[in-house]
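In: Quick one: sequence and predicted model below, then my questions.
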Amino acid sequence: MDTQLVFQDPSRIVTPLLAVFAVDITPGKTEEPLPALLTTSDALTNAAAQVLASGEFKAALGEVVLLHAPSGLRAERLLLVGLGKAKTLSVEQVRKAAGTALRAAKPRGLRSVAVAFPEDHALSDESLEELPCLLTARVLVEGMELGEMDWDTYKSDRKDQTVPTGVIVVNESSNSSNSLNASTRHEIQAGFEEGRILAGAQNFTRSLVNEPGNVLTPTELARRAAAMCAEVGLVSEIYSTKKLQELKMGAFLAVAQGSAEAPALIVMRYEPKEVAKDAPVFGLVGKGITFDTGGISLKPADGMEKMKYDMAGAAAMIGAMRAIAQLKPAARVIGVVCSAENMPDGKAFKPGDVVTAMSGKTIEIVNTDAEGRLVLADGLHYAKTLGCTHLIDAATLTGACVVALGKINAGLFSNDDATSAQFLEGLTVSGEKFWRMPCTSDYRDEIKSQIADMMNTGATRYGGATSAAMFLAEFADETPWVHLDIAGCAWNDEQRPWLAKGPSGIAVRSIVEWVRSYATAKTT
Ligand code: BES
Ligand code: ZN
Ligand code: ZN
């Protein structure tokens, strides 16, 4: 999708569909106040006046109303898009509403959508939270580009519902009463560029997650990651069984040994020269199980097809690296993806086996379906040997995390309060939801083994997401580390007005935000 930014009077734009945002200002001073448009354009306000006065449109988030041939406008259609309550307005609502506008065009076969940049000063009322310019521009692009994606790649009779063009119209009339100052213009432009990068990266992640396991094998994931790296100027290294053996990655190798598909260790490096030698180095470690059958501890057939998305953590890290390469923060970042297929086979690893991880720690395998933590154990340790001072991992790790948090929040675990707080702070910008869960030494007994340093499952059936995190903590060791369990949030089971059903691309934006929060400046 090609997104453009124009500065002009929105009533003058020639487009099949112009979207304008409205907020719900109830409870207000008057009895039943009607929704208010976030525009200072009289022409737009007049065109929408009748439908607003009807009270039929409440401006709830995701709600739309479409007017044909709106009078006084050059647009063929005017779409009013609800942002929800003005009192609690956040940029996340704008992101979703922008996606809603885009997706409203699809079934109508429209090929271009223009969105009027929300003008929060249109409401004199203090009932409205302020929308910072840069972020607003950014979320408009993100919302539209994320909303544009549909997953009909493998359908031979697919209907073309693509919307190739999206336009953001910032109200600037030729008469000087509505001219923007240079710094506002600059911020909008910067936010627009950031939005394009972040949405592009997140959509790249989503496309990887959408691929079936027979197409996206570990080798193919590595090929696509390497191609992306070459495109954006990252250095990549791709390794397989031989290197894993050299590195003594016994945990990772154990998972891979039952599959006819070779494992892949993907290293992606963003190491700008301008960064001080002693500055932090971020290690982004992803679980890349391209299909998880459970192995010898075989999963039930019902729903197993969904285990193609067991590489969503890896895809998030690959997408995050792509965005980082383009945003160019002053920080060093190394992506490490551990990719394998978890299969039952005569050669597969078995419950009861004892394996030695790269760190030298021994692991008793109790359940071969707890494979994610095994590949990550070696990935985290390896990232440390590459010089990473801060670690983050993302993984569709446990069903227990889905039981605990549902599909609204993903789990966050950490061995360091400051690092975890820094990550959580970025969520107001990324709009993603992570909930911190415990990962303290009191839980260590859960993974105590009779015969090895630890076992790969918890001793009881309780607190499984924490047991998995405790296992990973053994390999992060003293290094500040954040673990993201995205099992419940990597795949949307239902479509939303702003997003297709399918891969969500969760964690890309938050991880990028976290890395950027440590960087002092942008490199050139
Ligand atoms: N890939 C699964 C976790 C998962 C569950 C991802 C649901 C997405 C949705 C993981 O490898 C797994 O099977 N974990 C086991 C661990 C158990 C055997 C200790 C689980 O959660 O049941
Ligand atoms: Zn599993
Ligand atoms: Zn898994």
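Out: Thanks, I have it. Numbering: from 1, shown residues only. Ligands and ions are numbered 1, 2, ... in the order given.

In: ok, how many other residues are close to the residue in the stretch 251-400 of the chain positioned nearest to ligand 2?
Out: At 3.8 Å from ligand 2, D369 is the closest residue in the stretch 251-400 of the chain, using Cβ to the ion. In this view, the C-beta of every residue, glycine as well, is placed from N, C-alpha and C. When neighbours are defined as other Cβ atoms under 10 Å, D369 has 20 of them.

In: can I assume it is in contact with P300?
Out: No. Between D369 and P300 there is no contact under Cβ atoms under 8 Å: 10.7 Å.

In: where's the residue of the stretch 251-400 of the chain closest to ligand 2 relative to G55, distance?
Out: 54 Å (Cβ to Cβ, to the nearest Å).

In: Contact partners for L34?
Out: When contacts are counted by Cβ atoms under 8 Å, 6 or more residues apart in numbering, L34 is found next to L52, A53, G55.

In: Okay, helices next: where are they in this protein?
Out: With DSSP state H as the criterion, the chain has helices at 42-54, 91-105, 133-148, 182-210, 218-232, 241-246, 250-256, 312-327, 372-385, 399-405, 417-425, 427-430, 464-476, 508-518.

In: Out of those helices, which is the most enclosed?
Out: helix 312-327 (a mean of 29; mean count of other Cβ atoms under 10 Å).

In: Could you check how far the residue of the stretch 101-250 of the chain found nearest ligand 1 is from ligand 3?
Out: Here the residue of the stretch 101-250 of the chain nearest ligand 1 is V209; by Cβ to the nearest ligand atom that distance is 11.4 Å. V209 is 13 Å from ligand 3, where distance means Cβ to the ion, to the nearest Å.

In: so that residue sits right up against A312, yeah?
Out: Yes. Judged on Cβ under 8 Å, V209 makes contact with A312 at a distance of 4.9 Å.

In: what sits in contact with each of the two?
Out: What both V209 and A312 touch, as defined by Cβ under 8 Å, 6+ apart, is the set A490, W491, P503.

In: Buried ones in stretch 76-92, by neighbour count?
Out: 77-86, 89-92 (16 or more other Cβ atoms under 10 Å).

In: In contact with the nearest residue to P212 once chain neighbours are set aside, which residues?
Out: Once flanking residues are discounted, P212 sits nearest to K308: 5.6 Å by Cβ to Cβ, 6 or more residues apart in numbering. Contacts for K308 (Cβ under 8 Å, 6+ apart) come out as E211, P212, G213, L216, T290, F291.

In: tally of neighbours for the fourth one?
Out: The local packing of L216 (other Cβ under 10 Å) involves 23 other residues.

In: so who does the closest residue to it other than its chain neighbours touch?
Out: Distance criterion Cβ to Cβ, 6+ apart; nearest residue to L216, sequence neighbours excluded, is T290 at 5.5 Å. When contacts are counted by Cβ under 8 Å, 6+ apart, T290 touches G213, L216, T217, P218, L221, E261, K308, D310, M311, S339, A340, E341.

In: any chance of the helices of the chain in JSON lines, plus mean pLDDT?
Out: Listed next are the helices of the chain as JSON lines, based on pLDDT from 0 to 100:
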{"stretch": "helix 42-54", "mean pLDDT": "97"}
{"stretch": "helix 91-105", "mean pLDDT": "98"}
{"stretch": "helix 133-148", "mean pLDDT": "98"}
{"stretch": "helix 182-210", "mean pLDDT": "97"}
{"stretch": "helix 218-232", "mean pLDDT": "99"}
{"stretch": "helix 241-246", "mean pLDDT": "98"}
{"stretch": "helix 250-256", "mean pLDDT": "99"}
{"stretch": "helix 312-327", "mean pLDDT": "99"}
{"stretch": "helix 372-385", "mean pLDDT": "99"}
{"stretch": "helix 399-405", "mean pLDDT": "98"}
{"stretch": "helix 417-425", "mean pLDDT": "98"}
{"stretch": "helix 427-430", "mean pLDDT": "97"}
{"stretch": "helix 464-476", "mean pLDDT": "98"}
{"stretch": "helix 508-518", "mean pLDDT": "98"}
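
In: wait, what's in contact with A490?
Out: V209, Y309, A312, G313, T396, P503, S504, I506.

In: residues touching the residue of the stretch 101-250 of the chain found nearest ligand 2, list them.
Out: Closest approach between the stretch 101-250 of the chain and ligand 2, counting by Cβ to the ion: G213, at 13.4 Å. By Cβ under 8 Å, 6+ apart, the contact list for G213 reads T290, F291, M307, K308, E341.

In: Which one of those is nearest to ligand 3?
Out: The shortest approach to ligand 3 among the contacts of G213 belongs to M307, at 6.7 Å (Cβ to the ion).

In: surely that closest one meets P300?
Out: No. Contact criterion Cβ under 8 Å: M307 and P300 do not qualify, at 11.1 Å.

In: who has more neighbours, those two?
Out: Neighbour count, other Cβ under 10 Å: between M307 and P300, M307 has more, with 19 against 7.

In: With adjacent residues omitted, what lies nearest to the more buried one?
Out: D292 (4.1 Å).

In: doesn't F471 make contact with H483?
Out: No. Here H483 does not reach F471: they are 10.0 Å apart, not a contact under Cβ under 8 Å.

In: measure stretch 428-446 end to end?
Out: 34 Å (Cα to Cα, to the nearest Å).

In: any idea how far ligand 2 is from A500?
Out: A500 is 26 Å from ligand 2, by Cβ to the ion.

In: Likewise for G411?
Out: According to Cβ to the ion, G411 and ligand 2 sit 16 Å apart.

In: ok, now which ones touch Q326?
Out: I197, G200, A201, V232.

In: make it 7 Å
Out: Residues in contact with Q326, defined by Cβ atoms under 7 Å, 6 or more residues apart in numbering, are I197, V232.

In: Taking the buried residues of stretch 76-92 together, which two end up most distant?
Out: Spatially, the most separated pair among these is R77 and S90, at 27.5 Å (Cβ to Cβ).

In: what does the stretch 301-450 of the chain put close to ligand 3?
Out: Residues of the stretch 301-450 of the chain lying close to ligand 3 (Cβ under 5 Å from the ion) are D310, G372.

In: can you list the residues of the stretch 301-450 of the chain near ligand 2?
Out: Going by Cβ under 5 Å from the ion, the residues of the stretch 301-450 of the chain near ligand 2 are D369, E371.
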